[in-house]
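Give the three-dimensional model of this entry:
(one chain, ligands or ions: 2)
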Amino acid sequence: MRKIDVFDTTLRDGEQSAGVNLNFEEKLEIARQLERLGVDIIEAGFPASSPGDFKSVKAIADLVKGSSVTGLSRSVQSDIDAAWEALKGGVDPRIHVFIATSPIHMTHKLRMTPDQVIENAVASVKYAAQKFPKIQWSAEDACRSDLDFLVRIIEQVIDAGASVINIPDTVGYITPKEITHIFSYLKENVPNMHKAKLSTHCHDDLGMATANSLAAIEAGADQVEGTINGIGERAGNASLEEVAVALHIRNDFYKAATGLTLKEVKRTSSLVSKLTGMVVPNNKAVVGNNAFAHESGIHQDGVLKEKTTYEIITPELVGVSSNRMVLGKHSGRHAFKDKIRELGYTATDEQINKVFKAFKELADKKKEITEDDIFALMTEEKIGAAVQYYEVDSLQVNYGTMNIPTATITMKMPDGEIVQEAATGSGSVEAIYNTLERIIASPVKLLDYRIQSITGGRDALAEVYVKVRFDGTETSGRGTAHDVLEASARAYINAVNRILNRRTRELDPVQEVKL
Ligand code: KIV
Ligand code: ZN
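Ligands and ions are numbered 1, 2, ... in the order given. As a prediction, this is how the structure comes out:
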């Protein structure tokens, strides 16, 4: 069976999605889960782009043992140096260096001639080869490049030391038939192509990223790049879970497989969705909430008689749980700890103790605690792991159809002082946000607000996602609570705390390397 390497760029291309700002702890949590999922390569970030990216790429490279960790680099020595400093502690360090090769990019963006681009690409690969045992080279906007120019440059970068050649469809322009032609052409015409692997990296602007990735695999790509849930710049990247499950289910056709542990797919998708705030559409292939729901009577009847009538993927294959009740009011700390481990979380004893307390509080209010509830409580703890500048101490809201909603909030301030404020609004959430803004004493613009329940049932946990602009910076925030108003307040304060945490990091950049 042909083995297709999976290169995950959720933490680099995925993090370039508008409005997504993962913090250090969140990136580490996602990297751990990607390792559990079994991706071959994790692109952890772009080390030269910021001290924060450098720090997280380094931490992920040092932590992850089951996947190779890589970082993006432009074709400049200082980027390659920063990438080496960040990645050298990893088990299988590799660099991902790129330069654009299409006439549009070379003329208007790089302002370089094709020969200058070749010279630059070869020099950067040679420079990287002095440090890195593995080099992946990417031809940005490859799918709009001249094929014979691609052949020339690829031959030379392979001679210079590149062992993976990535062919991105940077702007999501190509069709399956055309990408088949590109990969076949390169296979046939690059004289030393047998010395390197070909890789595909598709964007989804025309909704063809998965189809194009699969076509590239059919035509000879031995590595596929993409993100979980297909998040990424503009319309996003190819969804890795779709490609992997397509290869698995249509193995008879593709005769190729990834090494992914498919039962980790759903959990990975949920984690990425929660931490990025990018909601997975209900009808999304493989991981959407409705992906296994049979609604019409005829379909239900068919599935009851024989599942395969309408079900080509079983929910169990991708780890969709039946969301059974897992723990109850009387469950002890030991059983709880085991459940956390079983769910795949790595947590310190202190974190487990905190979440256990939250679990007990929830168990007093909610009859059945499901895996999804525990997952939500644990994620909430992880999200809150950074410094809590502001902490809501207590919240009271007066609401009635005949009076003006008023919120009263007691808050622990960054200097430890306890402050109480009240404000009104046209609704309860607005009253809360007006009060919080008054306490913070600085304008916080609410750009987006979304709410959903974690499970079904009236007693379900509520999860609120907000996007705010505070002090010139945009970020998202999330809050989970049994009550929707408390979850709303938490999400807002989480967003403000995230901005303050990021600011502190920027003022106190990583010391290990001078970028
Ligand atoms: O889409 C693209 O071209 C990229 C490269 C940097 C590999 O993400
Ligand atoms: Zn990309």
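
Please put the alpha-carbon coordinates of stretch 336-353 into CSV.
Once side chains and other backbone atoms are set aside, the C-alpha atoms of stretch 336-353 remain, and they are given as CSV (Å, rounded to 0.1, in the frame of the first residue of the first chain):
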residue,chain,number,x,y,z
PHE,A,336,-12.4,11.5,36.8
LYS,A,337,-8.6,11.5,36.4
ASP,A,338,-8.8,8.3,34.3
LYS,A,339,-11.5,9.8,32.1
ILE,A,340,-9.3,12.9,31.5
ARG,A,341,-6.4,10.7,30.4
GLU,A,342,-8.7,8.5,28.3
LEU,A,343,-9.9,11.7,26.6
GLY,A,344,-6.3,12.3,25.6
TYR,A,345,-5.7,15.4,27.7
THR,A,346,-2.3,15.9,29.4
ALA,A,347,-3.0,17.8,32.6
THR,A,348,-1.1,18.6,35.7
ASP,A,349,-2.5,17.5,39.1
GLU,A,350,-3.3,21.1,39.8
GLN,A,351,-5.3,21.4,36.6
ILE,A,352,-7.1,18.1,37.2
ASN,A,353,-8.0,19.3,40.7
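
Residues of the stretch 101-250 of the chain that sit close to ligand 1?
With CB under 6 Å from any ligand atom as the criterion, the stretch 101-250 of the chain meets ligand 1 at residues 138, 140, 166, 168, 170, 201, 203. Backbone N, C-alpha and C define where each C-beta goes, glycine included.

Leaving out sequence neighbours, find the closest residue to the second one.
The spatial neighbour of residue 140 that comes closest, neighbours along the chain excluded (CB to CB, 6 or more residues apart in numbering), is residue 100 at 4.0 Å.

Please tell me the pLDDT value assigned to that neighbour.
pLDDT, residue 100: 98.

wait, doesn't it sit right on residue 141?
Yes - the pair residue 100 and residue 141 passes the contact test of CB atoms under 8 Å, sitting 5.3 Å apart.

out of those two, which sits in the busier spot?
In terms of neighbours (other CB atoms under 10 Å), residue 100 is the more surrounded of residue 100 and residue 141; the figures are 25 against 21.

Now the phi/psi pair for the more buried one, please.
Dihedral pair for residue 100: phi -80, psi 150, per degrees, to the nearest 10.

gap between the lengthiest helix in the chain and the chain center?
With DSSP state H setting the assignment, residue counts place helix 484-507 as the longest helix in the chain. Helix 484-507 has its C-alpha centroid displaced from the chain centroid by 19 Å (CA atoms, centre = their mean, to the nearest Å).

Next, the buried residues of it.
Judged by neighbour count (16 or more other CB atoms under 10 Å), helix 484-507 contains these buried residues: 484-502, 505.

likewise stretch 140-150?
In stretch 140-150, counting by 16+ other CB under 10 Å, buried: 140, 141, 142, 143, 144, 145, 149, 150.

now the strands for the stretch 351-500 of the chain?
369-370, 391-398, 406-412, 418-424, 444-453, 462-470, 473-481 (DSSP state E, counting those that start in this stretch).

er, the stretch 101-250 of the chain actually
For the stretch 101-250 of the chain, the strands defined by DSSP E, counting those that start in this stretch occupy 134-140, 164-169, 197-202, 223-226.

What separation is there between residue 501 and residue 477?
Here the criterion is CB to CB, to the nearest Å. By it, residue 501 lies 11 Å from residue 477.

try residue 397
Here the distance between residue 397 and residue 477 works out to 19 Å (CB to CB).

and what of residue 71?
Separation of residue 71 from residue 477 (CB to CB): 27 Å.

quick one, which of these two is more surrounded?
For residue 71 against residue 477, the residue with the higher neighbour count under other CB under 10 Å is residue 71, and the figures read 35 against 22.

ok, the more buried one touching residue 42?
No - assessed by CB under 8 Å, residue 71 is found out of contact with residue 42, at 9.8 Å.

Return the helix or strand in this protein with minimum mean pLDDT.
Lowest by mean pLDDT, DSSP states H and E among the helices and strands of the chain is strand 325-327, with a mean of 68.

Residue 454 is in contact with residue 376, correct?
Yes - in this structure residue 376 lies within contact range of residue 454 using CB under 8 Å: 4.8 Å.

tell me, what's touching those two both at once?
A shared contact of residue 376 and residue 454, defined by CB atoms under 8 Å, 6 or more residues apart in numbering, is any residue touching both; here these are 461, 463, 480.

Near ligand 1, which residues of this protein are found?
With CB under 6 Å from any ligand atom as the criterion, the chain comes near ligand 1 at residues 13, 72, 98, 138, 140, 166, 168, 170, 201, 203.

please redo it, this time with the cut-off set to 5 Å
13, 98, 138, 140, 168, 170 (CB under 5 Å from any ligand atom).

Hmm, residue 141 and the second one touching each other?
Spelled out, it's residue 98. No - checked against CB under 8 Å, the pair residue 98 and residue 141 is beyond contact range at 9.9 Å.

beta partners for the nearest residue to residue 199 once chain neighbours are set aside?
If you skip the residues right next to it in sequence, residue 199 has residue 223 as its closest partner in space, 3.7 Å away by CB to CB, 6+ apart. Taking DSSP bridges, one obtains residue 5, residue 199 as the residues bridged to residue 223.

Give the residue spans of the stretch 251-400 of the chain that score low on pLDDT.
322-326, 383-386 (pLDDT under 70).

May I have stretch 229-237 as CSV, with CA atoms only?
What follows is the C-alpha trace of stretch 229-237 in CSV, where atoms were taken according to Å, rounded to 0.1, in the frame of the first residue of the first chain:
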residue,chain,number,x,y,z
ASN,A,229,-11.4,21.5,9.5
GLY,A,230,-9.8,23.1,6.4
ILE,A,231,-9.2,26.4,8.3
GLY,A,232,-6.7,28.8,6.8
GLU,A,233,-6.2,32.0,4.8
ARG,A,234,-9.3,33.2,2.9
ALA,A,235,-11.5,30.1,2.1
GLY,A,236,-8.9,27.9,3.9
ASN,A,237,-6.8,24.9,3.0
